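1. quick one, what's the 3D model for this:
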Amino acid sequence: MRLPIHMTTTRLLLLLTILQAFIVTSCKQTNSIIPNEFHETVLPKIGSNEWYSVNYSQNSFSVNIANEKLKIEQVKEINKCELKITGGTLVRINRGEWGGKLTFKPADTTKKAIEIKSGNIKYIFNFKNKIYFIEGLAHDGYSEGAIFELNKQNDNFTFTKLVDFDDAPEALAIYKNKFFIATYKNFYIIQNFKKDLIFNDAFWSGLYPNSIAVLDEKNVFLGIRSGIAKLDLINKTLKFYKYEK
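-> Presented below is the predicted three-dimensional model:
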């Protein structure tokens, strides 16, 4: 039996109203995770007055996810971090242009520390029961880095380079067995140690990415100088939220 025309129209209008409410609610949910003191701003063009303004900002922010919510904090510079492994502790030191190193500190205090590699070690971490570290440096026109696998047999260490970058890795997050890596000016997804360039020459060049927080692939957040960036890796779009209080 055919419905009267006015009933069909009424149902259609009701459906459109529900759909519109869903879209508005979804947008509000996305925006509500950004604190009020961070305002969406046009992406600054590198080298512009706006870019220099954020580049000279004294505020840098880190991002992380806690209880499925975005948390933003003022950056606290950390030059040293540790990873406990069998037999002792791996210690990484990164002092930027003044160098750094990766060392192994044995649990047996009668043994001396072992220097594994000199260089600016950004991260050391476990992934699928293996140990990896990331090295990178951007300074005075130089910008390079790499991902290494670290192997240990007793107190002997070797390492193998797996992924090379022509731009210094700055921030790392692991999501669904993928590495999300923000470099000095680019953004990569690394899967099975093959890199896929997602954003090239992004506006954060010179704004020193320091952390990545992931809700899902459409909601990836990057802590940078003067604010945060929001990355949609599916649609490959960027937004910039500047700190203004």
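
2. for the nearest residue to Lys239 once chain neighbours are set aside, give its distance to Leu43.
-> Leaving aside its sequence neighbours, Lys239 sits nearest to Lys230 (CB to CB, 6 or more residues apart in numbering; 4.3 Å). All C-beta spots, glycine's among them, are computed from the backbone N, C-alpha and C. Computed as CB to CB, to the nearest Å, the Lys230 to Leu43 distance reads 11 Å.

3. again, but for Ile121
-> For Ile121 relative to Leu43 (CB to CB), the value is 31 Å.

4. identify the contacts common to Lys230 and Leu43.
-> Common neighbours of Lys230 and Leu43 (criterion: CB atoms under 8 Å, 6 or more residues apart in numbering): Leu238, Lys239, Phe240.

5. of Lys230 and Leu43, which one has the most company?
-> Higher neighbour count among Lys230 and Leu43: Lys230, with 21 against 14, using other CB atoms under 10 Å.

6. which element is that one on?
-> strand 227-232 (DSSP states H and E).

7. strand partners (parallel or antiparallel) of that strand?
-> strand 219-224 (antiparallel), strand 237-243 (antiparallel) (DSSP bridges).

8. flag every buried residue along the longest one.
-> Along strand 237-243, the positions that meet the burial threshold by neighbour count (16 or more other CB atoms under 10 Å) are Leu238, Phe240, Tyr241, Lys242, Tyr243.

9. coming back round to it: TSV please, covering the shared contacts of Lys230 and Leu43 and showing pLDDT.
-> Formatted as TSV, those follow (pLDDT from 0 to 100):
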residue	pLDDT
Leu238	97
Lys239	97
Phe240	97
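
10. of all the residues you listed, which comes closest to Tyr184?
-> Leu238 (15.7 Å; CB to CB).

11. quick one: residues contacting that closest one.
-> Going by CB under 8 Å, 6+ apart, Leu238 touches Leu43, Phe199, Ala202, Phe203, Ala229, Lys230, Leu231, Asp232.

12. tell me the pLDDT of the residue nearest the centre of the chain.
-> By CA atoms, centre = their mean, the chain has its centre lying nearest to Ile212, at 2.6 Å. As predicted, Ile212 sits at a pLDDT of 97.
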